[in-house]
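S.K.: Predicted model and sequence follow; I will ask about them next.
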Amino acid sequence: MAEIDLINRDPQNLNNFLQVEFDDVLAEPEGTHTIDCVWRNSHKCFKCGKNLCYKILTIITGIFVALYWGCVFACVSYAIVWFVTPVMRLLHIILHPLKKILSIVLTTFLGPFMQTYGLIFSRIHVTQSQGEPPKPIGEL
C-alpha cells in the first residue's frame, strides 16, 4: 500500500471548488463598513469556528464515513466484476449474429440512399455576402 500524503490531501483536485474562506462568504461593500476591530475579530471567529467544527465532525464521524464509503465502493466493484462484466460479455456473444445481420441489411438497403444523399448535399455551398439578399425564385 502506498504511503499517504499528509501535506497534499487532495492530489486529484477533487474538491477545488470547496475553497471557502472568510472573504468568499462575508464582504462589505464600499460605504458600509464595520469598525475594524469587529471585522478583524469576525475574521478570526469565522476561521476558528469553521476549523473547530470541521475537526470535531471529522473526529466523531470521519472513520465511520470512510468505512461506509469504502464498503460502498467495494460493493460497486464487486457488482461490476461479478455481475455487470459477465452480463455484458453474454450480451456481446448473444447479439453478435444480430449485429452482423443488421450490418448487412443496413449496408445493402440504406447504404445506397445515404451515399446518394451525401452526394446531393455535398454540392451545397454556403457563402456569406454583405450585399442585397437574392430574390426568391418565383420573383425572377
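M.R.: Received it, and whenever you're ready, just let me know what you need.
S.K.: next SSE after the helix or strand encompassing Val87?
M.R.: Using DSSP states H and E, Val87 maps to helix 85-105. Note on helix 85-105: by DSSP H and E, the next helix or strand toward the C-terminus is helix 111-122.
S.K.: got the buried residues for that following helix?
M.R.: Buried residues in helix 111-122, counting neighbours by 16 or more other C-beta atoms under 10 Å, are absent. Just so you know, the C-beta spots here come from the backbone N, C-alpha and C atoms, and that holds for glycine as well.
S.K.: how about the helices of this protein, start to end?
M.R.: Ranges of helices in the chain, per DSSP state H, are 22-25, 36-79, 85-105, 111-122.
S.K.: Would you mind pulling up the elements that the worst-scoring helix or strand of the chain on mean pLDDT packs against?
M.R.: Every helix and strand in the chain was compared by mean pLDDT, DSSP states H and E; the lowest is helix 22-25, with a mean of 88. When contacts are defined as 3 or more C-beta pairs under 8 Å, 6 or more residues apart in numbering; DSSP states H and E, helix 22-25 packs onto helix 36-79.
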